[in-house]
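Novice: Need coordinates for the below:
(chains A, B and C)
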Amino acid sequence: MDFPSDFFADHFHLGIFFMKQFLSVNDVPYLQGLVHLAKEVREFPHKYPTLGSGKCLGLIFMNSSLRTRMSTQRAAMNLGMSTMVLNMQQDGWQLEFGDGAIMNGDKAEHIREAAAVMGQYCEIIGVRAFSGLKDRDADYAETVIQGFAQYTNRPVVSLESATRHPLQSLADVLTIENRKQVAKPKVVLTWAPHPRALPQAVPNSFVEWTVRAGYEVVITHPEGYELPDTFTAGATLEPNQNKALEGAHFVYAKNWSSYLHYGQTLSQDPAWTVSAEKMALTDQAYFMHCLPVRRNVIVTDEVIDSPQSLVIEQAGNRVPAAQAVLIELLKGL
Amino acid sequence: MDFPSDFFADHFHLGIFFMKQFLSVNDVPYLQGLVHLAKEVREFPHKYPTLGSGKCLGLIFMNSSLRTRMSTQRAAMNLGMSTMVLNMQQDGWQLEFGDGAIMNGDKAEHIREAAAVMGQYCEIIGVRAFSGLKDRDADYAETVIQGFAQYTNRPVVSLESATRHPLQSLADVLTIENRKQVAKPKVVLTWAPHPRALPQAVPNSFVEWTVRAGYEVVITHPEGYELPDTFTAGATLEPNQNKALEGAHFVYAKNWSSYLHYGQTLSQDPAWTVSAEKMALTDQAYFMHCLPVRRNVIVTDEVIDSPQSLVIEQAGNRVPAAQAVLIELLKGL
Amino acid sequence: MDFPSDFFADHFHLGIFFMKQFLSVNDVPYLQGLVHLAKEVREFPHKYPTLGSGKCLGLIFMNSSLRTRMSTQRAAMNLGMSTMVLNMQQDGWQLEFGDGAIMNGDKAEHIREAAAVMGQYCEIIGVRAFSGLKDRDADYAETVIQGFAQYTNRPVVSLESATRHPLQSLADVLTIENRKQVAKPKVVLTWAPHPRALPQAVPNSFVEWTVRAGYEVVITHPEGYELPDTFTAGATLEPNQNKALEGAHFVYAKNWSSYLHYGQTLSQDPAWTVSAEKMALTDQAYFMHCLPVRRNVIVTDEVIDSPQSLVIEQAGNRVPAAQAVLIELLKGL
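Specialist: Numbering: from 1, shown residues only, chains lettered A, B, ... in the order given. Reported below is the predicted structural model:
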């Protein structure tokens, strides 16, 4: 990724990266600009301490969260923006998403009202809503986050939806930009085993963003774990993990369940665990993972505790990533 | 409601509406003044950005909450006041309310200590405590919120108690004031069906406030759903829903369970659902509901999605309502 | 405790009480200085309103909390410091603490990552992690809070760990300092009955702090309730409660389960309840308890409602105690 530095000199005041929502990389008009802003924010986190004053970020969680919850709150704090957290399952109730539903069951409120009401109280709405891994069409229709986007009348930020995790991906690209030693690094996304079935959101999103960032992206996984085509365009599939790792500059490990046999765990093969032997095949690659990570299942202690491991730096980059997104959205309010 | 405008010119500095707590309309010395302040706050939400600086609002939830939780936090933010949220069931434990109790069971703390301690940490205490719908005398004694009011040594704000929801009612009156086209509008509270047994807090409170505001208030419901006399004085009962709706300017739909046969669901009759046919009987009335609402059970999609529906505006008015109450209470600290 | 007043005149600017973490009294270089600062903070809570600006306190709860949660948040607010609360059981997931663990079970994240990541988002980390009362060695090794201290790379504040509750103890010493009428008061810690098995954290910590503060400390309890030697050095054991209470200036009641027969409830003898008759044996002693308290089990209504009861004042002192600790830690950042 190249930055024409003078062009960006005063991007903030020019507002050239006008963004309306942040559900995927497709909402980002100019990726380099956003990454550049995130870099600046990482260096000067308190540069815009009152940009969000008098405004409120609502964070709506349908699922558990540690990094996203804390880093996004911290990003808002750095901008003087207030936050409100709503854990729907504990603080609230179940939502209905079906048009025309006769609501005499266990859903207490329709997304039309819930989202519109939240939009009355908060200038920006963040939503976390995982896939259920039961109904592929429903998950990939992104019913929940699209419902919020449609009815809240405010910019919506994905805090991880059924199919994407763009705040994580932006932090990942920021991490790679900070560490890369060649213009177009080889970035390998490798499937790794895990005891539970996990969504495809992180790998889908990672591929979208890294291809868009201009890296050489290679995906490797056991048979049956193919990600949907719409997300993998521009990346290469190499079924042989060892071969994929050859010459890699960055190894991004992640488990996901099958998209083809939707939500199923087809393999727990420990041969796919990222070990020192595997890393030895690379070009002294950095190791990356979005966390939380299962040690000695996804990756060995030796690799994650090595100087090449970027997992804590990645997590740290969640703050400037979220802060850059909030800056862009606040500019548009 | 009439406003002698010069009289209110500097009400804020004169502090003529001194309020000590906010548990019911009876705590409001001058209703017009409070509504006037809420109107002003709606127009200029950031007029008093430091009134609550260095002070903290404690929000204690015994039950779920979305609108009340978010709107009250937002109101405090607009005044520069900090908030702390405590979900007693998740963050805390069960409270004992009985005097002289030997506490060797499952109640870990007495209201005497819990309330007094919270009063050490927060300048104003908000409490949500629904009715249990089992023991009418206990519910109508308002054991929980009165316990806080008695022992916390701070102004207490009802976030909906067993028998009333005054922040909702103030927002409702604010909404009617904003939309009414005649001096004394006809306001119809109509029972509507619902799959679960609900408290009488919202309808009780709505009648108290709208009668006090000087409207023509008509209540309609199936037999057995009579609200307690102490709340309905000044309102008219019309058992025939169609007849009640004739000439109405505002239709306020709400389900509640029986007060006479306490907590019971005597009817789920869909003939009481507010439909376009019902609304056609009115004088082009606005439709109101406090939310969350069961679509196509309480009200049809056609009505709630029509331009006459005020449900989102009502929810939006929860912020200036709460903010006006906090201003009045902060003035008295 | 004596205060050489000129010595402390400008302790704040001199920074002579440099503190790196707050897990026990052993982390406090100069107890008198910290207590003196807490006294000052109690009198002038808003003296340093921007000391924590732009900084964030993360509060991680593995267990329920009311006083600690609210008082520590309030302390941070008074210093202009932001707070983030994470309830691990509801918002997050289970943590692994074992080195080399193959994480294919129900623990989703290792303390090494979780703590390091939180340290990326917050300048100071508070942790509450009770004892399990099953495995004495594990509890007394303080696996959880030591894990945070080791991996978070930030100052850690105990919000009550398996074996200590130092914020409570500092508030207790502050209360005694404020109320004592002799230079070296007799302080009696008495066991009292309770229906459930409770940790030893509060009594352990109370003894450590009060001995260190220079009081005459006497412990009384039924046989089998001996606290570990490492905490009781400098205190006297008197098995006869009545005899222990003779001449006491402060009576601190608390239940705890057995350390010797680990986690067991050996007695629920109501003869140990602190009653007016018991208090009559003292030198007009004040009554203290950390709360929550079981009325008429630990202490009778008559005693806790008497003018000699300091329980609400103790709880109030939790704010200046936490605030003094945060000031000291912020100075070191």
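Novice: quick one, what contacts the residue of the stretch 201-333 of chain A found nearest chain C?
Specialist: Among all residues of the stretch 201-333 of chain A, A:Pro292 sits closest to chain C, at 3.5 Å; criterion: C-beta to the nearest C-beta. In short, each C-beta sits where N, CA and C put it, glycine included. Shown in contact with A:Pro292 (C-beta atoms under 8 Å, 6 or more residues apart in numbering or on different chains): A:Leu66, C:Trp93, C:Ala108, C:Glu109, C:Glu113, C:Ala114.
Novice: hang on, the fifth one packs against A:Leu291?
Specialist: Yes: C:Glu113 is in contact with A:Leu291 according to C-beta atoms under 8 Å; the separation is 5.5 Å.
Novice: quick one on the thing from earlier: which one (most neighbours) among the contacts of A:Pro292?
Specialist: C:Ala114 (28 neighbours; other C-beta atoms under 10 Å in any protein chain shown).
Novice: Quick check: nearest residue in space to that one, chain neighbours excluded?
Specialist: Ranked by C-beta to C-beta, 6 or more residues apart in numbering or on different chains and with sequence neighbours excluded, the top spatial neighbour of C:Ala114 is C:Leu95, at 5.5 Å.
Novice: ok, now A:Ser257?
Specialist: A:Ala197 (4.0 Å).
Novice: what do you get for A:Glu216?
Specialist: A:Lys186 (4.6 Å).
Novice: quick one: secondary structure of the residue of the stretch 201-333 of chain A closest to chain C?
Specialist: Counting by DSSP: H, G, I helix; E, B strand; the rest coil, the backbone at A:Pro292 sits in coil.
Novice: ditto for A:Leu51
Specialist: A:Leu51 ends up coil, using three-state DSSP.
Novice: The nearest residue to A:Ile298 once chain neighbours are set aside: neighbour count?
Specialist: Spatial nearest neighbour of A:Ile298, excluding adjacent residues (C-beta to C-beta, 6+ apart): A:Ala192 at 4.4 Å. A:Ala192: 24 surrounding residues under other C-beta under 10 Å.
Novice: How much space separates A:Ala192 from chain B?
Specialist: Here A:Ala192 is placed at a distance of 34 Å from chain B (C-beta to the nearest C-beta, to the nearest Å).
Novice: What does that residue show for phi and psi?
Specialist: For A:Ala192, the backbone dihedrals (degrees, to the nearest 10) come out as phi -140, psi 150.
Novice: wait, isn't it in contact with A:Asn255?
Specialist: Yes: between A:Ala192 and A:Asn255 there is a contact at 5.5 Å, judged by C-beta under 8 Å.
Novice: joint contacts of these two?
Specialist: A:Ile298.
Novice: What residues does A:Tyr286 make contact with?
Specialist: A:Arg179, A:His249, A:Phe250, A:Val251, A:Gln308, A:Ser309, A:Leu310.
Novice: How about A:Lys47?
Specialist: A:Glu40, A:Val41.
Novice: any idea how far it lies from A:Ala76?
Specialist: 15 Å (C-beta to C-beta, to the nearest Å).
Novice: Also A:Gly33?
Specialist: Counting by C-beta to C-beta - A:Gly33 and A:Ala76 are separated by 21 Å.
Novice: the more surrounded of these two?
Specialist: A:Ala76 (24 against 20).
Novice: My read is that that one contacts A:Ser82, right?
Specialist: Yes: with contact defined as C-beta under 8 Å, A:Ala76 reaches A:Ser82; the gap is 7.2 Å.
Novice: anything in contact with each of the two?
Specialist: A:Gly52, A:Leu57.
Novice: and A:Thr68, what does it touch?
Specialist: Contacts of A:Thr68 (C-beta under 8 Å, 6+ apart): A:Arg128, A:Leu159, A:Glu160, A:Leu167, A:Gln168, A:Arg318.
Novice: What of A:Arg295?
Specialist: Applying C-beta under 8 Å, 6+ apart, the residues near A:Arg295 are A:Asp301, A:Ile304, C:Glu96, C:Ala101, C:Ile102, C:Met103, C:His110, C:Arg112.
Novice: need the residues you listed in JSON lines with distance to A:Leu59 and pLDDT, can you?
Specialist: Putting the contacts of A:Arg295 into JSON lines (distance: C-beta to C-beta, whole Å; pLDDT from 0 to 100) gives the following:
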{"residue": "A:Asp301", "distance to A:Leu59": "33", "pLDDT": "98"}
{"residue": "A:Ile304", "distance to A:Leu59": "29", "pLDDT": "98"}
{"residue": "C:Glu96", "distance to A:Leu59": "27", "pLDDT": "96"}
{"residue": "C:Ala101", "distance to A:Leu59": "31", "pLDDT": "97"}
{"residue": "C:Ile102", "distance to A:Leu59": "34", "pLDDT": "97"}
{"residue": "C:Met103", "distance to A:Leu59": "28", "pLDDT": "97"}
{"residue": "C:His110", "distance to A:Leu59": "25", "pLDDT": "97"}
{"residue": "C:Arg112", "distance to A:Leu59": "26", "pLDDT": "97"}
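Novice: re earlier: now the two most distant members of the contacts of A:Pro292.
Specialist: Farthest apart among the contacts of A:Pro292 by C-beta to C-beta are C:Trp93 and C:Glu113. That separation is 11.9 Å.
Novice: Just the pLDDT for the residue of chain A at minimum distance from chain B.
Specialist: Proximity of chain A to chain B (C-beta to the nearest C-beta) peaks at A:Glu109, 3.5 Å away. Per-residue pLDDT puts A:Glu109 at 96.
Novice: go on, A:Ile16?
Specialist: 50.
Novice: next one: A:Phe3
Specialist: Confidence for A:Phe3, expressed as pLDDT, is 51.
Novice: Likewise for A:Asp6?
Specialist: pLDDT, read off for A:Asp6, is 45.
Novice: So the residue of chain A closest to chain B sits against A:Met88, correct?
Specialist: No: taking C-beta under 8 Å as the definition, A:Glu109 is not a contact partner of A:Met88, at 10.0 Å.
Novice: Name the residues contacting each of the two.
Specialist: A:Leu95.
Novice: Could you list the contact residues of the stretch 1-150 of chain A toward chain C?
Specialist: Residues of the stretch 1-150 of chain A lying close to chain C (C-beta under 8 Å from any C-beta of the partner chain) are A:46, A:49, A:61, A:64-67, A:69-71, A:73-74, A:77-78, A:87, A:90.
Novice: Filtering those by proximity to chain B, which remain?
Specialist: A:Gln90.
Novice: still on that earlier bit, the residue nearest to A:Glu216 reaches A:Gly247, doesn't it?
Specialist: Yes: between A:Lys186 and A:Gly247 there is a contact under C-beta under 8 Å: 5.7 Å.
Novice: For those two, indicate the residue with more neighbours.
Specialist: Between A:Lys186 and A:Gly247, counting by other C-beta under 10 Å, A:Lys186 is the more crowded of the two (21 against 14).
Novice: so what pLDDT did that one get?
Specialist: For A:Lys186, the model assigns a pLDDT of 98.
Novice: Find the nearest non-adjacent residue to A:Ala116, please.
Specialist: B:Ile312 (4.8 Å).
Novice: The one you found: what secondary structure?
Specialist: helix.
Novice: Distance of it relative to B:Phe250?
Specialist: The value you get for B:Ile312 to B:Phe250, if C-beta to C-beta is used, is 16 Å.
Novice: quick one: the helices in the stretch 151-300 of chain A?
Specialist: A:166-179, A:201-212, A:229-232, A:241-245, A:276-279 (DSSP state H, counting those that start in this stretch).
Novice: Now do the buried residues in the third one.
Specialist: Taking 16 or more other C-beta atoms under 10 Å in any protein chain shown as the basis for neighbour counts, the residues of helix A:229-232 that come out buried are A:Phe231, A:Thr232.
Novice: go on, stretch A:188-207?
Specialist: Result for stretch A:188-207 [16+ other C-beta under 10 Å]: buried residues A:188-194, A:197-207.
Novice: With stretch A:254-267 instead?
Specialist: Result for stretch A:254-267 [16+ other C-beta under 10 Å]: buried residues A:Lys254, A:Asn255, A:Trp256, A:Ser257, A:Ser258, A:Tyr259, A:Tyr262, A:Gly263, A:Thr265, A:Ser267.
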